[in-house]
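[1] what's the 3D shape of this:
(3 chains)
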Amino acid sequence: MKAFWREYAENRVALLALAVVLLIVGAALSAPIFAPQDPYDLASLDLMDARRPPGFVGSGGYTHLLGTDAQGRDLFSAILYGLRISLQMGLAAGTVSLAVGALLGILAAQAGGWVETAIMRVVDLQLSFPAILLALVLVAVLGQGKTQLVIALVAAQYAYFARTAYGAASAERRKDYVEAAAATPLSTLHIVFRHILPNVLPPLIVVATVQVANAISLEATLSFLGLGLPPTEPSLGMLIANGFQYMMSGRTWISVYPGIALIVLVVAINLVGDQLRDQTNPRLRR
Amino acid sequence: MTLLDVTDLRTHFFTRAGVARAVDGVSFSLAPGEILGLVGESGSGKSVTGFSLIGLVDPPGRIAGGSIRFDGQELVGMAPDRLRALRGRRIAMVFQDPQATLNPVLTIGTQMALALQAHGRVTDRAAADRATAMLTRVGIPEAATRLNNYPHEFSGGMRQRVAIAMALLNGPDLIVADEPTTALDVSIQAQILAEMKALARDSGTALIWISHDLATVSSLADRVLVMYAGRIVESGPVGAVLRAPLHPYTRGLLDSLPAMAQPGQRLAQIPGSAPSLLALPQGCPFAPRCAHADAACTAPPPRVERADRHALCHHPLAP
Amino acid sequence: MTDIVAATALTRRFDPHLSIGDRIAAAFGARVETRAVHAVTDVSFTIRSNETLGLVGESGCGKSTLGRLVAGILGPTSGSIAIDGAPVMRRGRKTTTRIQTVFQDPFASLNPRRRIDATISEGPIAHGLVTRAAAPAFVADWLARVGLDPAVATRFPHQFSGGQRQRVAIARALAMKPDILVCDEPVASLDVSIQAQVLNLFLDLRAALGLTCLFISHDLSVVRHVSDRVAIMYLGRIVEIGPAALVYAAPRHPYTQGLLDSVPKLRLDADAVGFRPIAGELPSPLSPPSGCAFHPRCPRATDLCRRERPELAAHGATDVACHYA
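    Here you go, the predicted structure:
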């Protein structure tokens, strides 16, 4: 563990990315403390403050560091709260996809035969067409709401986990230590949960970091298109969408700042994921 | 007359955890046509010695001192391109895994032609003839047609023969072979040993045979070097060394072999395991495992000479 | 002495896994391997109580597959393997704990993410040989018996050397209190001095526990050292089986003779011939030669050998499959 961390720390960019991720997560978690305004509390919004540039001192008596949006929401507060929702969605979708994908992948590897063929053909099929398309259709059918959105994101992403889990589990299954457990004999469930799963988990966690970032941008895309969460709880995607119509009139901050927040978050998570992948890939090991 | 003269060779690995002296003051020489067996257990430095000779030590390892004189030329510190030219033509290497030297996407005919043409102007026709002759010589049947095969189309034993044929192609003066038959079956190993022996005898090629297997070395080599913790602890003619080892480690290795014991009886084992190169004991590195060790062994062991043999030991076994 | 293990006409075939694409390609005449590998063919033998049977052969001869059949890791395509008359496997699942296995590669046979106390105790706990509460003392006892410091129980496999790992693997197998131990090349990956230590441990524990063993190795001298009887395999079949002393001193099958001659001996005097190779290559198990599988390499082969496969038949104390034994 120590050695793992030391190796991670050698990559300055990845270290910076990790710091950024932690900072953003910390800021999002403590949003109610830092944010000058609760953007969900419609009573605290003042239309007189709408579309003000950064630095404007509004009727609330405090400075709007990043300006305000069309409803007079303080953008800095809205972004902090938006990050909360984006992270929530990303983590929820990532975790559930991991569980579902791992289950299916290991099941396919362990069962073999027609079960393996059936599961892996469906997974391959799904991997061969764009995730966004599937998510769009599902959200359109299921309707708006956090649960529906998570379901759509999971449906769009579990295949990556299933593929990875299947590959890793197939490799582990052939190793001597699994044969040794089978030769004891130990029950299949015992072997799967005590032997195969712990050894399949590391690559899945690497996939998970990247997929959390993907889920966040996928959610932002859906929200941007108006298919994500209800406008009362604006996520980053919706904030960007809301400001989009004012881009031409020079009030760029309404879209740009949430956009920057989104990009920084997604890129940082991806960089962390890349480093984890490189470090756990035995082929890149000396 | 000597072909190779290694003096006080030191190859060290500069790792984060400290300096590992993988090869620490190794000296030996080799005459043309001589077969030298280099024996040791894992971590003894036998492979690193081999890699040092051909200038293929990877960082964090490097040759930290000593000299390797090959046919009068100093190899330590030689320019990389000159060393590479020498390596292809006059010094060749055979590895345990033949995949290491064979390119999987080229036919072996192409690879052998390239190896020949890299060191002189050879027509394709002549190259194919030379390659065929060489494959036949290492015991590959229907060599002319097999030139068109890719490495994966050969069995493990045949692939190792191809690797040996590649090594022999430019008529090298020295072949360094690192555990070349360890991955092979006994019947195939025996064939390759027989061929290597004949090649050394017929063409005057000197051979350094690196192996953990005393029996293989004893049936092939003229002289043997026994390595332990980066040093040569004993050297001499194979028969003399194996009949009456001077160093307790050599004795222990021999007695560990099941062939030396009555079936079903306990083997005479060496206690403990090889020391970490990062934390070698003071004085003689074998002392903690040695039945003859006493207070004197905390000092560096002296070099004991007996006719054409030597050992590094405070208490050599033969008087 | 009574027979404890009985293998009867054991056969194991591996069919190639063909995808739909492969099948279509094969139908259009592409070079797709559709032949099955006959890893083990019609092998019958018995092991007596407290006896060690050595199993020798070169790579691809099926000795490892045979070991896995006996250990109940693989199911046979046909034939059966039984301990005291009770089958080792029923409907594809191993039904007994009386037979345990030590594998070749101690780096692969221990779960890298489990502490060794868990590795040693999980089988006995699952089968009620020891309670969870008594497990630490049980593990400590086994570690001591295989010559390891009981304090290392909480370590992970990567903190051990190869020889120490093999000791852990032996402890894991023996902690199940088996009557029979299958050892698949247990010392092949170890250095000479460590190999001697592990072999000694094996000999001590075998005597102390009264184990019956199937000892698989490509190393003829190791097999000679530990075995009461030996079986020589070639291309999926046993070609010679008998008392170790007899087979080594007076091999009857030409392959056994060739194999013994191939092994480099310690050459203690200068002129002794170290070894004498067998000619030719090991044939592919995909297309075994007709008749006697050894005939293409055999110096004594005749037309009869090319035509007809010799059955294993008794010649004194040994059974030999050769027309000219």
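
[2] next up, phi/psi of B:R309, please.
    Backbone torsions for B:R309, taken as degrees, to the nearest 10, come to phi -120, psi 160.

[3] tell me what the longest helix anywhere in chain B is packed against?
    In terms of residue count, the longest helix belonging to chain B (DSSP state H) is helix B:186-203. Here helix B:186-203 touches strand B:35-39, helix B:156-168, strand B:206-211, helix B:214-220, helix C:254-262, going by 3 or more C-beta pairs under 8 Å, 6 or more residues apart in numbering or on different chains; DSSP states H and E. For the C-beta atoms, the positions are set from N, CA and C on the backbone; glycine is no exception.

[4] could you check the angle it makes with strand B:206-211?
    If you take axes from the mean of the first three to the mean of the last three C-alpha atoms, to 10 degrees, helix B:186-203 sits at 160 degrees to strand B:206-211.

[5] where does the stretch 1-150 of chain C dip in pLDDT?
    Scanning the stretch 1-150 of chain C for pLDDT under 70 picks out C:1, C:18-21, C:23, C:29-34.

[6] show me what residue of it gets nearest to chain B.
    For the stretch 1-150 of chain C and chain B, the shortest gap (C-beta to the nearest C-beta) falls at C:E58, measuring 3.8 Å.

[7] so which of the helices and strands packed on helix B:186-203 gets nearest chain A?
    That would be helix B:156-168 among the helices and strands packed on helix B:186-203, by C-beta to the nearest C-beta, at 20.4 Å.

[8] I'd assumed A:A108 was in contact with A:A162.
    Yes - counting by C-beta atoms under 8 Å, A:A108 is a contact partner of A:A162 at 7.4 Å.

[9] residues contacting the residue of the stretch 151-300 of chain B found nearest chain A?
    The stretch 151-300 of chain B approaches chain A most closely through B:L278 (15.5 Å), counting by C-beta to the nearest C-beta. B:L278 sits next to B:T15, B:A17, B:G18, B:V19, B:A20 when contact means C-beta atoms under 8 Å, 6 or more residues apart in numbering or on different chains.

[10] quick one: pLDDT of it?
    pLDDT for B:L278: 86.

[11] what's the angle from the longest helix of chain B to helix C:254-262?
    Here helix B:186-203 runs at an angle of 50 degrees relative to helix C:254-262 (the same axes, to 10 degrees).

[12] helix B:186-203 - what's its average pLDDT?
    Average pLDDT, helix B:186-203: 82.

[13] list the buried ones in it?
    Applying a neighbour-count criterion of 16 or more other C-beta atoms under 10 Å in any protein chain shown, one finds B:186-197, B:199-200 buried in helix B:186-203.

[14] ok, back up a step: would you format the contacts of B:L278 as CSV with neighbour count included?
    CSV is the format used below for the contacts of B:L278 (neighbours: other C-beta atoms under 10 Å in any protein chain shown):
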residue, neighbour count
B:T15, 12
B:A17, 9
B:G18, 12
B:V19, 13
B:A20, 23
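
[15] before we move on, the earlier item: and A:A162 and A:A108? Which one has more around it.
    A:A162 (28 against 25; other C-beta atoms under 10 Å in any protein chain shown).

[16] surely B:H12 forms part of a strand?
    Yes - counting by DSSP: H, G, I helix; E, B strand; the rest coil, B:H12 is part of a strand.

[17] residues touching A:L265, list them.
    Contacts of A:L265 (C-beta under 8 Å, 6+ apart): A:V20, A:V21, A:I24, A:L83, A:S86, A:L87, A:A213, A:I216.

[18] again, but for B:P60
    If you count contacts by C-beta under 8 Å, 6+ apart, B:P60 has them with B:F13, B:F14, B:T15.

[19] weakest of the helices and strands packed on helix B:186-203 in terms of mean pLDDT?
    The lowest average pLDDT among those, as it happens, falls on helix B:156-168, at a mean of 85.

[20] and the angle from the helix or strand following that one to strand B:206-211?
    The helix or strand immediately downstream of helix B:156-168 is strand B:174-178, counting by DSSP states H and E. Put simply, strand B:174-178 runs at 10 degrees to strand B:206-211, going by the same axes, to 10 degrees.

[21] please enumerate the strands of the stretch 51-200 of chain C.
    For the stretch 51-200 of chain C, strands defined by DSSP state E, counting those that start in this stretch occupy the ranges C:52-56, C:78-83, C:86-87, C:89-90, C:93-94, C:99-102, C:180-184.

[22] in chain A, which spans are strands?
    Ranges of strands in chain A, per DSSP state E, are A:56-57, A:63-64.

[23] quick one: B:V233 is in a strand?
    Yes - per three-state DSSP, B:V233 lies within a strand segment.

[24] pLDDT at it, what is it?
    Predicted confidence (pLDDT) for B:V233: 94.

[25] one more: B:A311?
    pLDDT at B:A311 comes out at 92.

[26] contacts only, for it.
    B:A311 makes contacts with B:V233, B:E234, B:S235, B:L246, B:H247, B:T250, B:R303, B:V304, as judged by C-beta under 8 Å, 6+ apart.

[27] list the contacts for B:G88?
    By C-beta under 8 Å, 6+ apart, the contact set of B:G88 is B:A115, B:A118, B:H119, B:N170.

[28] flag the shaky bits of the stretch 201-319 of chain B, pLDDT-wise.
    Within the stretch 201-319 of chain B, the ranges that satisfy pLDDT under 70 run B:319.

[29] which residue ranges of it form strands?
    Per DSSP E, counting those that start in this stretch, the stretch 201-319 of chain B carries strands over the ranges B:206-211, B:223-228, B:231-237, B:303-306, B:309-312.

[30] what packs against whichever strand or helix holds C:T8?
    Here C:T8 sits within strand C:3-14, counting by DSSP H and E. Packing contacts for strand C:3-14, counted by 3+ C-beta pairs under 8 Å, 6+ apart, involve strand C:37-48, helix C:63-71, strand C:78-83, strand C:212-217.

[31] redo that, cut-off 10 Å
    strand C:37-48, helix C:63-71, strand C:78-83, strand C:180-184, strand C:212-217 (3 or more C-beta pairs under 10 Å, 6 or more residues apart in numbering or on different chains; DSSP states H and E).

[32] in it, what's buried?
    Neighbour counts using 16+ other C-beta under 10 Å place C:D3, C:I4, C:V5, C:A7, C:L10, C:T11, C:R12 of strand C:3-14 among the buried residues.

[33] so C:R297 is in contact with C:A279, correct?
    Yes - applying C-beta atoms under 10 Å, one finds C:R297 in contact with C:A279, separated by 5.7 Å.

[34] higher neighbour count, those two?
    Applying other C-beta under 10 Å to C:R297 and C:A279 shows that C:R297 carries more neighbours, namely 19 against 12.

[35] list phi and psi for the more buried one.
    Note on C:R297: its backbone torsions stand at phi -110, psi 0 [degrees, to the nearest 10].

[36] could you say which helix or strand holds the nearest residue to it once chain neighbours are set aside?
    Excluding its sequence neighbours, the residue lying closest to C:R297 (C-beta to C-beta, 6 or more residues apart in numbering or on different chains) is C:G280, at 3.9 Å. Under the criterion DSSP H and E, no helix or strand holds C:G280.

[37] report the contact partners of C:G280.
    The neighbours of C:G280, taking C-beta atoms under 10 Å, 6 or more residues apart in numbering or on different chains as the test, are B:P141, B:S187, B:I188, B:Q191, C:G258, C:F294, C:P296, C:R297, C:C298.
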